[in-house]
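1. Next comes the sequence, and after it the predicted model I'd like to discuss.
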Protein chains: 2
Amino acid sequence: MATPLEKARSDPESMKGRILKAARRVFGEYGFHGTTTRMIAEAVGIDISTLHYHWGDKGDLYEAAVLDITEDLRLKLEEVERVIHGRPLSVRMDMAIDLMTDYLFEHPEISNLILFRYFGKTRPQTHFDFHVPEFISDIARSMDLCKDQKNAPVGVKMQVLTIMNAIHNFVSGENFFRPMLGLRRDAYRKRVKETLKSILIPAFNGAVRRDEAAA
Amino acid sequence: MATPLEKARSDPESMKGRILKAARRVFGEYGFHGTTTRMIAEAVGIDISTLHYHWGDKGDLYEAAVLDITEDLRLKLEEVERVIHGRPLSVRMDMAIDLMTDYLFEHPEISNLILFRYFGKTRPQTHFDFHVPEFISDIARSMDLCKDQKNAPVGVKMQVLTIMNAIHNFVSGENFFRPMLGLRRDAYRKRVKETLKSILIPAFNGAVRRDEAAA
DNA sequence: GATGATATCCATCAGCTGATGGAATCTATG
DNA sequence: CATAGATTCCATCAGCTGATGGATATCATC
C-alpha cells in the first residue's frame, strides 16, 4: 500500500496533494513554529479538520513536506547530472549552476525549507533523516571533485556544501537581498548566476589545476 | 536619556543586559515564533513579568536583540578593517576570514539571528532597518573590491554577500553539518576556514588580476 | 435508489502564549 | 527608621493553536 506521501506525489490534484503543496510553501515562508495549521488550511480553502484527516498532526505534515522537497531535489540533481555528464569541468559547473538556480527560483520553498532545517531548531526536537550526506557525495562525484562514488572526502563535501548553500541563500533570501540591491526579478536572477560563477568556477578550476600539477 | 538598549549594552550584568543576552541566544536558536517569553525568562531565572517590565512586549525585545547583534557585528567589522588595513589583497582576505569566523563561532547567535531575518518571515510583518547595505559597502571597500566609499556596485555587493553568507552558514549550521561530516569541534572550525579560503581567495585574486589586465 | 465507505465541515475543547494588575520586596536617601 | 521609587514575583486573563467528535455531504457499487 502506498504511503500518504506517495499518494500525494502521484496525484498532485488530489486533496492530499493540494494540502502538501500549500504546506511546503507556508512552512517554507514562516518556518514550523511560524506556521499554523489554519494558515495552511486557509491557503487550500478547506477546514483544518480536513487537513488533519489527510495528514494527521502538524508534525507529520511538516515531515511529509520536508521529505517531499527532498525527493524533488534528488530527482532534479539526477537530471542535472545526466545533462552535464561527460563535459569539461568548467562547462559542467556553468551548466549545473544555471540549471539548479533556475529550478530553485521556480521552487523557492525547497531552498526555504532546507535552510530552516539547517539553521533553526524545532521544539520539540524533531530529527528524521534528511539524506544530505548522500546528496553531497553524489554531487561531488558528478562534479568530478572526487573519485569515490560512495563517500567523498571531508574537504570536498564542504566545498559542495558551500556551493549548494550559496545558491539556496540567494534564492531564499531574494525578498531581503533584491530590494537592497535595487534589482528587478530577472536582473536579480541573472546577477545571482554571474556572481556564483565568477566565484566558484575560478576556485574549482584552480583546485583541479593544482591537483593535476601534483599528480 | 539612554535608550533601554544603550543601558543594556553599557551594563551587561544588569537585569536588562542579562535578559537581552538570553534573548539573543534563544531567538537565535528557535527563531521569533519558536521562542516563548517564558523560555527566555527561564533562561535568565526570572518571571516573565520582569521581562516585560524591562523590555515591553516580545516584538520589542526581538527588535532590541537584532539591533544589539547588528551593532556587535558592526564594531567587529571595524576592528577587522583596522587590523587588515594596508596589507596585500590575499593577506587581507586570509586574515579577515580567520578573524570573522573565530568571532562568529564564539557568538553564533549573531549568525543565527541574521540568517533567520534573511530567510524567514515574521508574523505580523516586522521590518525595521538592518543596516545591511552600508555594511556590505564598507566590507567591499575594506577588501578593496571597490573604490567608492559610499556605494559599491551591485556585482561587488553580491560577492560580499556570498562571502558573509558562507561564513554565517557554516557557523549557524554547525549543529547540522558537523555530525554529518564526522568532525570534532576544533577540526570543523579549522576545515571551515580552509574551505572558505580555498574557494574565495583564488576567486578574488583572479578577479583583481582580470581588473588589472583590463586597466 | 439503497448502502457503505470516504471525505468535508461545524462546534468545541484543553493547553499554551503573551500580557497585565497588584502585592511584596528591595534600595537609595534623608 | 521612614518613605518613595524601582524592581520582582504571583495570580490571572483573553486569544490563539492544535486537535477531535460528530453531523453532514459526496461517491462508487450494486
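-> Done, it's in.
2. Now A:Lys147: closest residue in space, sequence neighbours ignored.
-> Once its chain neighbours are removed from consideration, A:Lys147 has its nearest residue in A:Arg141; the separation is 7.9 Å (Cβ to Cβ, 6 or more residues apart in numbering or on different chains). C-beta coordinates here come from the backbone N, C-alpha and C atoms, glycine included.
3. for that neighbour, helix, strand, or coil?
-> The three-state label given to A:Arg141 by DSSP: H, G, I helix; E, B strand; the rest coil is helix.
4. Can you get me a residue count around it?
-> Neighbour count for A:Arg141, taken as other Cβ atoms under 10 Å in any protein chain shown: 19.
5. again, but for A:Arg191
-> Close neighbours of A:Arg191, defined as other Cβ under 10 Å, add up to 19.
6. How about the one 5 residues further on?
-> With neighbours defined by other Cβ under 10 Å, the count for A:Leu196 comes to 24.
7. Quick check, it in contact with A:His168.
-> No - here A:Leu196 lies out of contact with A:His168, judged by Cβ atoms under 8 Å, at a distance of 11.3 Å.
8. Whichever strand or helix holds A:Ile19 to helix B:15-34, inter-axis angle?
-> Counting by DSSP states H and E, the secondary-structure element that holds A:Ile19 is helix A:15-34. Inter-element angle recorded for helix A:15-34 and helix B:15-34: 180 degrees (by axes from the mean of the first three to the mean of the last three Cα atoms, to 10 degrees).
9. Show the average pLDDT along helix A:15-34.
-> Per-residue confidence for helix A:15-34 averages out to 96 on the pLDDT scale.
10. just checking, what packs against that helix?
-> Applying 3 or more Cβ pairs under 8 Å, 6 or more residues apart in numbering or on different chains; DSSP states H and E, one finds that helix A:15-34 makes contact with helix A:4-10, helix A:37-44, helix A:48-55, helix A:58-84, helix A:108-119, helix B:15-34.
11. Nearest approach to B:Phe119 belongs to which of those?
-> When the helices and strands packed on helix A:15-34 are compared for distance to B:Phe119 using Cβ to Cβ, the nearest one is helix A:108-119, at 4.9 Å.
12. Do that closest one and DNA strand D come into contact?
-> No - using Cβ under 7 Å from any atom of the strand, no contact is recorded between helix A:108-119 and DNA strand D, whose separation bottoms out at 14.9 Å.
13. ok, back up a step: can I get the helices and strands packed on helix A:15-34 in a markdown table including mean neighbour count and distance to B:Ala203?
-> Formatted as a markdown table, the entries for the helices and strands packed on helix A:15-34 read as follows, by neighbours: other Cβ atoms under 10 Å in any protein chain shown; distance: least, Cβ to Cβ, whole Å:
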| stretch | mean neighbour count | distance to B:Ala203 |
| --- | --- | --- |
| helix A:4-10 | 16 | 39 |
| helix A:37-44 | 17 | 41 |
| helix A:48-55 | 17 | 44 |
| helix A:58-84 | 18 | 21 |
| helix A:108-119 | 24 | 22 |
| helix B:15-34 | 22 | 29 |
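14. weakest of the ones you listed in terms of mean pLDDT?
-> Within the helices and strands packed on helix A:15-34, confidence is poorest for helix A:4-10, with a mean of 79 (mean pLDDT).
15. Contacts for that helix, please.
-> With Cβ atoms under 8 Å, 6 or more residues apart in numbering or on different chains as the contact definition, helix A:4-10 has outside contacts at A:2, A:14, A:16-17, A:19-20, A:54-55, A:64, A:67-68, A:71.
16. quick one: which of those residues is nearest to B:Tyr188?
-> Distances from B:Tyr188 to those, taken as Cβ to Cβ, are shortest for A:Leu67 (27.2 Å).
17. For the closest one, which non-adjacent residue is spatially closest?
-> For A:Leu67, the closest residue by Cβ to Cβ, 6+ apart turns out to be A:Leu5, at 6.0 Å.
18. so what's A:Met39 up against?
-> A:26, A:30.
19. What's the separation between it and DNA strand D?
-> 7 Å (Cβ to the nearest atom of the strand, to the nearest Å).
20. what residues does chain A put near DNA strand D?
-> By Cβ under 7 Å from any atom of the strand, the part of chain A that sits against DNA strand D consists of A:35-38, A:48-49, A:52, A:56-59.
21. how about a cut-off of 6 Å?
-> A:36-38, A:48-49, A:52, A:57-58 (Cβ under 6 Å from any atom of the strand).
22. of all those residues, which comes closest to B:Val156?
-> Nearest to B:Val156 out of the residues of chain A next to DNA strand D is A:Thr36 (Cβ to Cβ; 40.9 Å).
23. Backbone dihedrals for the closest one, both of them.
-> Backbone torsions of A:Thr36, given as degrees, to the nearest 10, read phi -110, psi 150.
24. mind putting the helices and strands packed on helix A:15-34 in JSON lines, distance to A:Phe177 included?
-> As requested, the helices and strands packed on helix A:15-34 are arranged in JSON lines below (distance: least, Cβ to Cβ, whole Å):
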{"stretch": "helix A:4-10", "distance to A:Phe177": "32"}
{"stretch": "helix A:37-44", "distance to A:Phe177": "25"}
{"stretch": "helix A:48-55", "distance to A:Phe177": "33"}
{"stretch": "helix A:58-84", "distance to A:Phe177": "22"}
{"stretch": "helix A:108-119", "distance to A:Phe177": "13"}
{"stretch": "helix B:15-34", "distance to A:Phe177": "19"}
